[in-house]
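Undergrad: compute the structure for the input listed below.
(2 chains)
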Amino acid sequence: MDLVANNLSYKPDDQYHLNEVSFNFKEGNLYTILGRTLSGKTTLLKTIAGLLTPDSGEIEFDGKNFLKIPVWERNVAMVYQQFINYPHLNVFENIAFPLKQRKIDQSIINKKVMDALKSVGLLGYENRKIQELSGGQQQRVSLARSLVKNAKILLLDEPLVNLDYKLREQLRDEFKNLFSKGLADETILIYSTTDPRETMELNGEVIVLDEGKVLQVGPAKEIFENPNSLKVAEISNDPPMNIIEAKISDNQIRFEGIDVEAPAHLSKLTEEGLKIGLRSSDIELNENGHEFEVELAEISGSETLLHLKRGDTKIIVSIEEVLNFKIHDKIKINFKIDRAYAFHADGKLASSPFGGLNG
Amino acid sequence: MNKLYIFLKYFFIVVWTVFVVAPFLWALTTSFKDFQSVNGGVTYIPWVDFEPNLEGWKVLIKSPAKGGVDIIEPYFNSLFVTCTASLISIILGTLSAYALSRYTFKAGFVKNNDITFFFISQRIMPPIVLSIPFFLFLSSINLLDSLTGLIVVYIVLLMPIAVWIMVDFFNKVPREIDETALIDGCNPYQAFIKVVLPNSIPGLIVAGMFCIIFGWIDFFFAFILTFTEVQLLPVKIVALNSSVTPWWSLSASALVSVAPLIIVAFIVERYLSKGNLSGAIK
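TA: Coordinates of the predicted model:
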């Protein structure tokens, strides 16, 4: 049973929320929609659920026109980024709600709800009020409510974004377990997120969305290794990939008075307006390196993010240890240039270290 | 500093309480007094200052022929009109408010906010402006001087309050809750009844309270639109001129007339202080 969309467009005001979006989702697969806030992820999920009607385009599921079927008959499930549950019902009643709606026998409901509670680790909480639960537990309840239905399409709209760091890690692992445990066999799982790391860990098929447009579709590894444009490279890296305006001549990459020997996959690119992309993790501190000035140093977790400047070039470097720097300190760095990407002036990928469009 | 703060806090609470309660106390003691105690200077403590009797209260239920004032019929008229009009206003108002909160209406330049404002604008006009149209309208359908006519007019007056409060309330209930109900298999009517309404009880109570208060205390329309057949309590009480009706029964009738509002206020206060107002919606 495939979920197929053709040229979905939705433009409620002067901006496209969806712009000619097409896809072909197959059952038993996990699809990750990666995009920044306001890129149209939620709109796309709501369109699939039936909560929004696109201005143009078609959605078909199992060969049937999905747009003709109202939400309440579509058999989809959705988890929102805000922890949405029914506040007037307790945990058990919340999870049982979709089953009661289908007039299923009470004893079957009891069993299914208990199974769902067990799979999200909330056994013993069935009589609690929703308001008595923490954010993470509330989100588990709404996940349980969406699992209990055995819906053919499960939509997860940034389900972890409102949780704190630790809970997010923990729940992400549980999600991965759930998804791999056969649940996915006959379900189409669609997961939207802004977080590139989450995308890579879920390791599904990725759809990169920006301003309502699909920029690239492919397995997570492919998106990471060979982003087809500057935009995708920015969206699929956190912190965003550093973009340096450089010139390549005589086998040297030149910018801001620095000469770096070009690696094999970049050496043949000599055009004007070339942009070099380098991940923040592919730059290291090195005594013999090039001098940059510290503009800002932030410590996040066990990582230090350095915002550096040299002339007009600004870059971000992430270092896997906690280091203290003062603003305006001069430090020396080295580029792992064999991991550099090159983009044409129009933003298209020119060459990647993983073999994309070797030029 | 802290002690001064506590002292000032309780000082003002006490002053305010005296200010609010004193008139009631005065009316209460007066209602048990006879002629001599009323005219014998300031007295408050029964059995010490004066000898209490029930004459003032007995008069309330006696028929005018026996020297009473008979407020029982107006009392139940008022209860009936207020409760019926409030109930209908709440039902219609809640439905309108939900539609205004969740769906987009457009007729030329008229949009949702304009419709909401139209409802409220019914309350902006001074009542005197509305009195003549209401009078002509009721007389043309033969409902002057009848309970039904009063109910119709009160619905016009009370429904804007219900719409206004409930639109605001529904706007604070996340749409995602309705959407989740739809996804979970409810059609829009079931989503409203099974999910949205149970989470809107605090709003319904507040709206109901305001409808009952405004319906109960209305004098103007009850006065203009009724003559001899039907009389509502506020009109009746104003008609108890003190030169005819003694002070003690006037006090008793005043207390009886505010009693329902005090009861409503206490119930609502109990309910709201239990923390049920915020419900669950973060």
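
Undergrad: next structured bit after the helix or strand encompassing residue A:222?
TA: Secondary structure here is read from DSSP states H and E; on that basis residue A:222 sits in helix A:220-225. Once helix A:220-225 ends, the next helix or strand along the chain (criterion: DSSP H and E) is helix A:230-235.

Undergrad: what's that following helix packed up against?
TA: Packing contacts for helix A:230-235, counted by 3 or more C-beta pairs under 8 Å, 6 or more residues apart in numbering or on different chains; DSSP states H and E, involve strand A:205-210, strand A:213-219, strand A:242-245, strand A:275-278, strand A:341-343. For glycine as for every other residue, the C-beta is placed from the backbone atoms N, C-alpha and C.

Undergrad: so the closest residue to residue A:56 other than its chain neighbours, which of the three states?
TA: Spatially, and ignoring its direct neighbours in sequence, residue A:56 is nearest to residue A:9 (4.9 Å; C-beta to C-beta, 6 or more residues apart in numbering or on different chains). Secondary structure of residue A:9, reduced to three states by DSSP: H, G, I helix; E, B strand; the rest coil: strand.

Undergrad: can you pull the contacts of residue A:9?
TA: Residues counted as contacts of residue A:9 (C-beta atoms under 8 Å, 6 or more residues apart in numbering or on different chains) are A:16, A:18, A:19, A:20, A:21, A:54, A:55, A:56, A:57, A:212.

Undergrad: surely the first one is in contact with residue A:209?
TA: No. If you go by C-beta atoms under 8 Å, residue A:16 and residue A:209 don't touch, sitting 11.2 Å apart.

Undergrad: out of the two, which sits in the more crowded spot?
TA: More neighbours surround residue A:209 than the other of residue A:16 and residue A:209, with 25 against 18 (other C-beta atoms under 10 Å in any protein chain shown).

Undergrad: separation between the closest residue to the more buried one other than its chain neighbours and chain B?
TA: Excluding the flanking residues, the one nearest residue A:209 by C-beta to C-beta, 6+ apart is residue A:35, at 3.7 Å. The gap separating residue A:35 from chain B is 20 Å, by C-beta to the nearest C-beta, to the nearest Å.

Undergrad: okay, now residue A:35: neighbour count?
TA: Here the number of neighbours of residue A:35 (other C-beta under 10 Å) works out to 24.

Undergrad: next one, pLDDT for the closest residue to residue A:257 other than its chain neighbours please.
TA: On the basis of C-beta to C-beta, 6+ apart, the spatially nearest residue to residue A:257 that is not a chain neighbour turns out to be residue A:311, at 7.4 Å. The per-residue pLDDT reported for residue A:311 equals 85.

Undergrad: was I right to think residue A:328 contacts residue A:297?
TA: No. Judged on C-beta under 8 Å, residue A:328 makes no contact with residue A:297 at a distance of 10.9 Å.

Undergrad: count the neighbours of the residue in the stretch 1-150 of chain A positioned nearest to chain B for me.
TA: Of all residues in the stretch 1-150 of chain A, residue A:87 sits closest to chain B, at 2.6 Å by C-beta to the nearest C-beta. Residue A:87 has 20 neighbours, counted by other C-beta under 10 Å.

Undergrad: so it, which of the three states?
TA: Per three-state DSSP, the local secondary structure of residue A:87 is coil.

Undergrad: tell me the pLDDT at it?
TA: In this prediction, residue A:87 has a pLDDT value of 90.

Undergrad: quick one: it from residue B:199, how far?
TA: Residue A:87 sits at a distance of 6 Å from residue B:199 (criterion: C-beta to C-beta, to the nearest Å).

Undergrad: and if you look at residue A:47?
TA: As for residue A:47, its distance to residue B:199 is 26 Å (criterion: C-beta to C-beta).
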